[in-house]
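Can you look at this prediction? I've put the sequence above it.
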Amino acid sequence: MTNALEVSDLHVTIAGSHVLQGVSIEVPVGGVTALLGRNGVGKTTTLRALLGLVASTGAISVLGTDVRGWSTHRIVRLGVGYVPEDRDVFAGLTVAENLRLAEQVDEPRYDDVYAIFPELRERTRQRAGTLSGGQQQMVSIARALLNGWPLLLVDEPSKGLAPRLVSELADALERVATLATVLLVEQNLAVVRRLAQRIVVLDHGEVVHTGDARELHDPDLAKRFLGVTGVR
Ligand SMILES: Nc1ncnc2c1ncn2[C@@H]1O[C@H](COP(=O)(O)OP(=O)(O)O)[C@@H](O)[C@H]1O
Ligand SMILES: [Mg+2]
């Protein structure tokens, strides 16, 4: 298996709107592939379609297995962790309880989780709802990491975090990427530049560019690919 993920001609229609219009993506095993594009172009929908959370047509191969028509549960069990865009921690449960609920294997990798997020070990008994946004993001990533899955889908982890926390998060994700192949949706150019080896750019439900992440060092290209402000 050379690709952790292969998606070909993926189409998704939501509420009568043709959100994904033939998306094809290959994610090689190892490292970070960044999925880029402006708000509303279909990045989250792509991840959700890969997980079988929204209906799609097209071919999807996950970790070498054709998963067309599979339930989300079966796809996840192949070895896919998901860090959703809104973090989605259980506010009323403690950190330890949030993690325990995410366990899907007999021997969860708490050693990896606490090596990357030592702060969580100190907060196991704290309710997740009382954590900062950055700490909640740690819990969300830790839940995906816990099962030792080979593939992680991570949706805009830096969204809404203060700059200092964004760089801490990038440190953590760098370590996560040594343990699993990561498909990362991210709008923060500094984070993408730091973590990604490859980029896939979506626009209006289509892939408009696939290339080497080093292309992002060119400010004009970066601006075009991300369509965001704050590009230096
Ligand atoms: N559940 C939904 N109901 C209606 N429209 C949706 C839904 N999910 C996504 N969309 C639409 O699909 C498009 C792509 O959304 P999304 O994949 O969330 O974009 P991105 O993650 O790139 O910001 C947007 O126009 C959005 O409004
Ligand atoms: Mg999104």
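Structure's in. What do you need? Numbering: from 1, shown residues only. Ligands and ions are numbered 1, 2, ... in the order given.

how deep is the closest residue in space to Val62 that isn't next to it in sequence tucked in, by neighbour count?
The shortest distance from Val62 to any non-neighbouring residue, by CB to CB, 6 or more residues apart in numbering, is to Leu78 (5.3 Å). (Glycine included, C-beta is placed from N, CA and C.) Residues contacting Leu78 under the criterion other CB atoms under 10 Å number 15.

Now do the helix or strand containing Leu78, average pLDDT.
Counting by DSSP states H and E, the element that carries Leu78 is helix 72-79. Helix 72-79 shows an average pLDDT of 96 in the prediction.

now swap in stretch 191-210 and tell me
For stretch 191-210, mean pLDDT rounds to 95.

mind listing the helices in the chain by residue range?
With helices called from DSSP state H, the chain shows them at 43-50, 72-79, 95-102, 110-116, 118-122, 133-145, 163-176, 189-195, 219-226.

who are the neighbours of the third one, in terms of helices and strands?
Contacts of helix 95-102 with other secondary structure elements, assessed using 3 or more CB pairs under 8 Å, 6 or more residues apart in numbering; DSSP states H and E, are made with helix 133-145.

hmm, back to that, so which of the helices of the chain is nearest Arg87?
Set against Arg87 and scored by CB to CB, the helices of the chain come closest in helix 133-145, at 4.4 Å.

Packing partners of that closest one?
Applying 3+ CB pairs under 8 Å, 6+ apart, one finds that helix 133-145 contacts strand 80-83, helix 95-102, helix 110-116, helix 118-122, strand 151-155, helix 163-176.

Please produce a markdown table containing the ones you listed, extended by distance to Ser132.
Shown next, in a markdown table, are those (distance: least, CB to CB, whole Å):
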| stretch | distance to Ser132 |
| --- | --- |
| strand 80-83 | 17 |
| helix 95-102 | 12 |
| helix 110-116 | 17 |
| helix 118-122 | 10 |
| strand 151-155 | 19 |
| helix 163-176 | 8 |
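
Tell me which of these lies nearest to ligand 1.
Among the helices and strands packed on helix 133-145, the nearest to ligand 1 by CB to the nearest ligand atom is strand 151-155 (7.3 Å).

now the angle between helix 43-50 and the closest one, please.
Calculated by axes from the mean of the first three to the mean of the last three CA atoms, to 10 degrees, strand 151-155 forms an angle of 150 degrees with helix 43-50.

Turn the helices of the chain into TSV, columns for distance to Leu20.
What follows is these, written out as TSV (distance: least, CB to CB, whole Å):
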stretch	distance to Leu20
helix 43-50	6
helix 72-79	17
helix 95-102	28
helix 110-116	32
helix 118-122	35
helix 133-145	23
helix 163-176	25
helix 189-195	21
helix 219-226	18
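
If you count neighbours, what's buried in the helix holding Leu78?
Residues of helix 72-79 classed as buried: 75-76, 79 (neighbour count, 16 or more other CB atoms under 10 Å).

so what's the residue nearest the centre of the chain closest to, chain neighbours aside?
Central residue of the chain (CA atoms, centre = their mean): Val154, 1.2 Å from the mean position. Residue nearest to Val154 in three dimensions, not counting chain neighbours: Val83, with 4.4 Å by CB to CB, 6+ apart.

What's the local residue count around that neighbour?
25.
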